[in-house]
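Student: coords please:
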Amino acid sequence: MKRLFFIALPVLLLSLTFSACNREITDITDGDLIKEILLSESATSIEPANLPTEIKNYVDDYFFDTYVEEAFQVVDKGFELRFGDDDVAFFNRNGRPLMFDGPLGTFGPHGPHGPCHRRGHRWGDLIAVEDLPVAITDYIAENYPDNEIKRAKLRNDNYFVAVDVPVILKFDSDGNFIEELSPLHNCHRPCNMIAAEDLSDPIAAYIAENYPAAEFKRACERGDKTVVFLLGEEGRIILGFNTETGELLFSRP
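Tutor: Prediction:
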């Protein structure tokens, strides 16, 4: 899959005044290392399942409300992960998360972490179940009985809580319920929701052949891509297809 760039490349090239070949990776700031990863011509696509354990654990904790759409590795530098909600995260070669704090103009109006990211913040704060507002736990007990809270985080003044239906619940800072989210949600690009019976013939045929027992949850058409959310015996299944051809682009848990 082609690697996409949203940075202002000429400005970035002018600002890139260091030589990676002559510097130890420990001497490079997070921002400079992110620049190196984004500019590298040797970035290769990597399956999310093959990412280092440290990164997979971090993704499980902080990005449980979305999915890894694309992942890239730059040997001896690090990793770039692009998520379905348009978040973009970077890690060094040892799996430590990198955060950019330089001038946003270098990367366009949103910065390298994408339009969902609030400048100066990380990806939220992990919240233990016992530390959730009572309003949230009461709401879940009443509306999702017999479901366990799996994970929770506080991000941009909202609580995101995963329960094992599976579903993601969004609450405001006071614990008031806002909405139920699917992992197909996106922070700024609305999608055309598609019913199961309206999937194209190639996509419907692929699902029928490869996931005959899976439950269809929803599908979203955004740009030239159609993403389908299924529920199988082992949990969620997220499939990405080329909308026009029906070609499978990716499969994610």
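Student: tell me what the residue nearest to residue 167 when sequence neighbours are not counted is bridged to.
Tutor: Closest residue to residue 167 apart from its sequence neighbours, by C-beta to C-beta, 6 or more residues apart in numbering: residue 180 at 5.6 Å. Any C-beta I mention is one placed from the backbone N, CA and C, and that applies to glycine too. Beta-bridge partners recorded for residue 180 (DSSP bridges): residue 169.
Student: do residue 44 as well
Tutor: Beta-bridge partners recorded for residue 44 (DSSP bridges): residue 73.
Student: and for it, the neighbour number?
Tutor: 11 (other C-beta atoms under 10 Å).
Student: again, but for residue 151
Tutor: 18.
Student: pretty sure it contacts residue 161?
Tutor: Yes: counting by C-beta atoms under 8 Å, residue 151 does reach residue 161; the two are 7.5 Å apart.
Student: show me the helices in the stretch 101-250 of the chain, by range?
Tutor: Assigned by DSSP state H, counting those that start in this stretch, the helices in the stretch 101-250 of the chain fall at 134-143, 201-210.
Student: Serialize these to JSON lines and add fields for distance to residue 66 and mean neighbour count.
Tutor: Below are the helices of the stretch 101-250 of the chain laid out as JSON lines (distance: least, C-beta to C-beta, whole Å; neighbours: other C-beta atoms under 10 Å):
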{"stretch": "helix 134-143", "distance to residue 66": "20", "mean neighbour count": "14"}
{"stretch": "helix 201-210", "distance to residue 66": "21", "mean neighbour count": "14"}
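Student: any regions of the stretch 51-200 of the chain where pLDDT drops low?
Tutor: Along the stretch 51-200 of the chain, the model assigns pLDDT under 70 to residues 103-106, 108-109.
Student: let me see the ranges of the strands in it.
Tutor: Remark: strands assigned in the stretch 51-200 of the chain by DSSP state E, counting those that start in this stretch are 68-74, 78-83, 88-92, 97-98, 125-126, 149-155, 158-163, 167-172, 177-181, 192-194.
Student: which one of those lies nearest to residue 253?
Tutor: strand 68-74 (9.4 Å; C-beta to C-beta).
Student: alright, that wraps it up for me.
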